[in-house]
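S.K.: next one to model:
(one chain, ligands or ions: 2)
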Amino acid sequence: MTDTQSSQSTPLADELDPERILTEQFHRARTHLSEVPPGLVDYLRLPRRTINVSVPVQMDDGHIRHFEGYRVLHSRMFGPGKGGIRYHPAVSPGEVKVLAALMSWKCALLHLPFGGAKGGVACDPKELSEGELRRITRRFISELGDNIGPYTDVPAPDVYTDAQTMAWIYDTYDQLHPGENNLPVVTGKPRELGGSAGRTEATSRGCVYTAERLIALGGVPGLDSLQGARVVIQGFGNVGRIAARLFQEMGAHIRAVSDSGGAILAENGDTLDLDRVEAHKADHGSVVGVPGSRTITNDDLLALECDILVPAALGGQIHSGNATRVAARLVVEGANRPITPEADDVLAARGIVVLPDILANAGGVTVSYYEWVQNIEHHSWSLEEVNNRLRTRMFDATDRVVARWRGFPQDCAEQGLCGDLRTAALVEALDRLAKATLQRGIWP
Ligand SMILES: NC(=O)C1=CN([C@@H]2O[C@H](COP(=O)(O)OP(=O)(O)OC[C@H]3O[C@@H](n4cnc5c(N)ncnc54)[C@H](OP(=O)(O)O)[C@@H]3O)[C@@H](O)[C@H]2O)C=CC1
Ligand SMILES: O=C(O)CCC(=O)C(=O)O
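M.R.: Residues are numbered from 1 along each chain as shown. Ligands and ions are numbered 1, 2, ... in the order given. The predicted structure is shown next:
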């Protein structure tokens, strides 16, 4: 589309259902894994445990409200469950279950000694005071009790939670287990409380590293460098805001960004002044209205002509109703599950490459692993050391996924197989999980 056109688009009925999407993605990968017993493959899709808790909280005006909270442990195949905690009105048991499964694939793909987990509380943090959020967090964590722990299930930040939330989680757990080294019970903590150098930027840094590597491997037709690449980013929170900075440091031009209030496009068609965007967001709560920018909708942002599109907000943003309008060469999934399987097919048919979530945004959990190790060892690594380790690990995972992708049969479509990078990443992860399950042994 041109920068001035606008149109509305809707997904198909049920297309955004998270569990249907996971089942479809899983099905696409398992067709490449004919040597793994079918029953075992099914087992790998399902969560080990789902916990629902009711969280009663006294609000600032004195009345009592309750919130629904969830923690799903999908797998502990390679170590403790690992995954963020999200506070958002749309948090549901189905969505948390799917996000937990994605964490298992992500950790397996990155060779991290973790399984997968995810949690969330259905609430709107924008309508809550800091005190109310603190009380929700403390009560949620005490309701979870020993279902989390440094060697069983280790939370971290996700949408609308941050280092402060992690500090409350640590403090609550520490009150319940005095006298132990409880720092590794949660990652993404403030630096003063054992947080790792580089964790805040890690997810975005991982997006840049994986994109850089994929491009260097010749994986994106028509794109040979980040230098001069035109980048569009949806979401201006932890992942989107920092990704904008890091892509710019690599010489890319940030054409447009967005948040829940809308999207902005650099007026001169060139690059946004990120200092101004950040200052405006801090003062007004949204990127919309930054001087020197033009306001557009989030849907129109996804259709802007660019080299790299980075969805870094919520799931289900690119679907069959708008995938035909995406005008990028490469989509880097900063967010978890921003693209539906139907949209994956449309993008693949149009030659648009997708760097899938379990690879592109795995920098966050990778540095969470480094934080966990540092906490266990009572040690602290420099930012340079963390970033070097992260770069090596992200490059290695990208190399393995690209090798798997290039090893797919040439005639995938004729054989009824899906031949995209998402499927390659998932096959790589599932193959490892399947082998480990069989090596550990299914009990009689
Ligand atoms: N934090 C991490 O380490 C990791 C995060 N992720 C994934 O990245 C994504 C973003 O997470 P994170 O940056 O941490 O979350 P944040 O809460 O820091 O930021 C979320 C951003 O998304 C924006 N947003 C919310 N709803 C919409 C919408 N409907 N349209 C456009 N923008 C919207 C928010 O807008 P506003 O500012 O107006 O509220 C905000 O800018 C999620 O999918 C998360 O699961 C993946 C791996 C690790
Ligand atoms: O840092 C972590 O442990 C998990 C981050 C996360 O929730 C994710 O990768 O989706």
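
S.K.: how many other residues sit next to R400?
M.R.: 18 (other CB atoms under 10 Å). Just so you know, the C-beta spots here come from the backbone N, C-alpha and C atoms, and that holds for glycine as well.

S.K.: that one touches E428, doesn't it?
M.R.: Yes: taking contacts as CB atoms under 8 Å, R400 lies within contact range of E428: 5.8 Å.

S.K.: overlap of the contact sets of these two?
M.R.: L109 (CB atoms under 8 Å, 6 or more residues apart in numbering).

S.K.: listing request: residues of the stretch 51-200 of the chain with sub-threshold pLDDT.
M.R.: By pLDDT under 70, the stretch 51-200 of the chain has no low-scoring segment.

S.K.: residues touching the nearest residue to P18 once chain neighbours are set aside, list them.
M.R.: Spatial nearest neighbour of P18, excluding adjacent residues (CB to CB, 6 or more residues apart in numbering): V98 at 4.1 Å. By CB under 8 Å, 6+ apart, the residues touching V98 are 18-19, 21-22, 337.

S.K.: now with 10 Å, please.
M.R.: Taking CB atoms under 10 Å, 6 or more residues apart in numbering, we find V98 in contact with 17-23, 25, 47, 72, 74, 92, 118, 315, 336-337.

S.K.: chain center to the helix or strand hosting it, what's the gap?
M.R.: Using DSSP states H and E, V98 maps to helix 93-109. Helix 93-109 sits 10 Å away from the centroid of its parent chain (CA atoms, centre = their mean, to the nearest Å).

S.K.: pull out the buried positions in it.
M.R.: By neighbour count on 16 or more other CB atoms under 10 Å, the buried set for helix 93-109 is 93, 95-109.

S.K.: try stretch 20-27
M.R.: For stretch 20-27, by 16+ other CB under 10 Å, it's 21-22, 24-26.

S.K.: got the contact list for it?
M.R.: 14-15, 17, 41-42, 44-45, 94, 97-99, 101-102, 105, 315-316, 319, 337, 339-342, 344, 356, 358, 418, 422-423, 426, 430.

S.K.: at 7 Å what do you get?
M.R.: With contact meaning CB atoms under 7 Å, 6 or more residues apart in numbering, stretch 20-27 is reached by 14, 45, 98, 101, 337, 340-341, 422, 426.

S.K.: distance to ligand 2 and secondary structure for those - can I get that in a markdown table?
M.R.: Shown next, in a markdown table, are the contacts of stretch 20-27 (distance: CB to the nearest ligand atom, whole Å; DSSP: H, G, I helix; E, B strand; the rest coil):
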| residue | distance to ligand 2 | secondary structure |
| --- | --- | --- |
| D14 | 24 | coil |
| R45 | 18 | helix |
| V98 | 11 | helix |
| A101 | 11 | helix |
| R337 | 10 | coil |
| T340 | 18 | coil |
| P341 | 19 | helix |
| R422 | 15 | helix |
| L426 | 15 | helix |
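
S.K.: so what's the residue of the stretch 101-250 of the chain found nearest ligand 1 up against?
M.R.: Taking CB to the nearest ligand atom as the measure, the stretch 101-250 of the chain has G237 as its residue closest to ligand 1, at 1.7 Å. With contact set as CB under 7 Å, 6+ apart, G237 has no partners.

S.K.: again, 8 Å this time
M.R.: By CB under 8 Å, 6+ apart, the contact set of G237 is 159-160, 259, 312-313.

S.K.: and it, how far from ligand 2?
M.R.: 13 Å (CB to the nearest ligand atom, to the nearest Å).

S.K.: give me the number of residues near T31?
M.R.: 14.

S.K.: that one: what's it in contact with?
M.R.: By CB under 8 Å, 6+ apart, the residues touching T31 are 416-418.

S.K.: leaving out the residues flanking it, which one is nearest to A263?
M.R.: L301 (3.8 Å).

S.K.: looking at this, the one you found is in a helix?
M.R.: Yes: the assignment for L301, made by DSSP: H, G, I helix; E, B strand; the rest coil, places it in a helix.

S.K.: the residue nearest to P18 and L46, how far apart?
M.R.: Going from V98 to L46 by CB to CB, to the nearest Å gives 11 Å.

S.K.: cool, and G131?
M.R.: 38 Å.

S.K.: likewise for S380?
M.R.: Taking CB to CB, one finds S380 at 38 Å from L46.

S.K.: more crowded one of the two?
M.R.: Counted by other CB under 10 Å, S380 and L46 do not tie: S380 has more neighbours, with 15 against 10.

S.K.: give me the secondary structure label for the more buried one.
M.R.: Per three-state DSSP, S380 ends up coil.

S.K.: and if you look at G195?
M.R.: coil.

S.K.: closest one of the contacts of T31 to ligand 2?
M.R.: Using CB to the nearest ligand atom, C418 is the member of the contacts of T31 that lies nearest ligand 2, at 22.7 Å.

S.K.: in contact with that closest one, which residues?
M.R.: With CB under 8 Å, 6+ apart, C418 has these contacts: 28-29, 31, 344, 412.

S.K.: among the residues you listed, which lie within strands?
M.R.: Using DSSP state E, no member of those sits in strands.

S.K.: list the pairing partners of the helix or strand K82 falls within within its sheet, with orientation.
M.R.: Using DSSP H and E, K82 sits within strand 81-87. Sheet pairing of strand 81-87 (DSSP bridges) gives strand 116-121 (parallel), strand 153-157 (parallel).

S.K.: so is the following helix or strand past the shortest one next to ligand 1?
M.R.: With elements assigned by DSSP H and E, the helix or strand that comes after strand 153-157 is helix 163-176. No: Helix 163-176 lies out of reach of ligand 1 by CB under 6 Å from any ligand atom, never closer than 10.5 Å.

S.K.: likewise stretch 118-127?
M.R.: No: on the criterion CB under 6 Å from any ligand atom, stretch 118-127 is out of touch with ligand 1, staying 7.0 Å away.
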